[in-house]
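**Q** no sequence on this one, just coordinates:
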């Protein structure tokens, strides 16, 4: 049904039915039982905790999923989306244990919506970047939980750099990036000039931005721009496994890894060793550390609580 938005696989397919704003009274969950309010987000109806706007948002089993939902314009970002996305990432960073961003349809995000209510004469790019994009990127980068971009298709312009702001990018092999800014006389923004040189080197960053090269996900993995590219037919199950790992992992340790790795870009060795010591002390005081050690000695899988 073209009016349905789905993501996931098997018994864990999440469906939002765009034709129906009420719960299907006959829907059942994976156990064959009548679906109750806790199943709202998963079985073809719209209700809390899902919302239907330019973003689809769901929080289930410690995994917060945010879907950019303007597939008719390849999920181009308008002002409302930017505000809602910043709010959603900030809120889920307090309640969930991993945040996953993806796009509806065949694209992740085509970037800034150039037709978003402004003429060229009234378009204030500096204000938009300072007031709308900067808080968004900071909310993703500074989130205390892992942030994941599930790159399902094209990521262009601001959409490419939104994707790269996440801690981990897991992409379909058919997905791609393009820094399309030079095609309309602009420079990469939304953190692009920060992320790209650090991930792929200065020469590649400058060249790919000037020529607006298409970088396929498989190449992006090879050059270190993203974590991994996965064959399309294996993608859903692989992504599900990765998200479940993060949602059930040692959340405090994940936060420490993020802080230490990002800080290392500008820190001296002495500063980095000091940060490691402080963060390790914090991790060592968690219940998850104690559980990890007990599980190691008992030769069993650890059952982390995220604290």
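**A** That came through fine. Predicted, not measured: the structure shown is a model, and the values here were computed from it. Numbering: from 1, shown residues only.
**Q** so where is the stretch 101-250 of the chain shaky, pLDDT-wise?
**A** 116-122 (pLDDT under 70).
**Q** Walking through it, point out its strands one by one.
**A** Under the criterion DSSP state E, counting those that start in this stretch, strands of the stretch 101-250 of the chain are mapped to 107-109, 147-151, 154-156, 168-172, 176-178, 214-216, 228-230.
**Q** Out of these, flag the one nearest residue 89.
**A** Closest approach to residue 89 among the strands of the stretch 101-250 of the chain is made by strand 147-151 (7.3 Å; Cβ to Cβ). Where C-beta positions appear, they are placed from N, C-alpha and C, glycine not excepted.
**Q** distance between that closest one and the chain's centre?
**A** Its chain's C-alpha centre and that of strand 147-151 lie 3 Å apart, by Cα atoms, centre = their mean, to the nearest Å.
**Q** now it and strand 168-172, what's the angle there?
**A** Here strand 147-151 runs at 10 degrees with respect to strand 168-172, directions being taken by axes from the mean of the first three to the mean of the last three Cα atoms, to 10 degrees.
**Q** oh, and call the first residue 17 from now on, that's how I've got it
**A** With 17 as the first residue, the last one maps to strand 163-167.
**Q** Mind listing what's buried along strand 163-167?
**A** Neighbour counts over strand 163-167 (16 or more other Cβ atoms under 10 Å) mark 163, 164, 165, 166, 167 as buried.
**Q** cool, stretch 188-196 as well?
**A** Under the neighbour-count criterion of 16+ other Cβ under 10 Å, stretch 188-196 has 188, 189, 190, 191, 192, 193, 194, 195, 196 buried.
**Q** who touches the fifth one in this structure?
**A** This means residue 192. Under the criterion of Cβ atoms under 8 Å, 6 or more residues apart in numbering, the contact list for residue 192 reads 170, 171, 230, 231, 232, 233, 236.
**Q** before we move on, what about the fourth one?
**A** Contacts here follow Cβ under 8 Å, 6+ apart; on that basis residue 191 touches 124, 167, 168, 169, 170, 171, 232, 233, 245.
**Q** do the same with the first one
**A** Residues in contact with residue 188 (Cβ under 8 Å, 6+ apart) are 167, 168, 169, 233, 245, 246, 247, 248, 251.
**Q** just the last one next, same as before
**A** Contact analysis of residue 196 by Cβ under 8 Å, 6+ apart lists 127, 172, 173, 176, 228.
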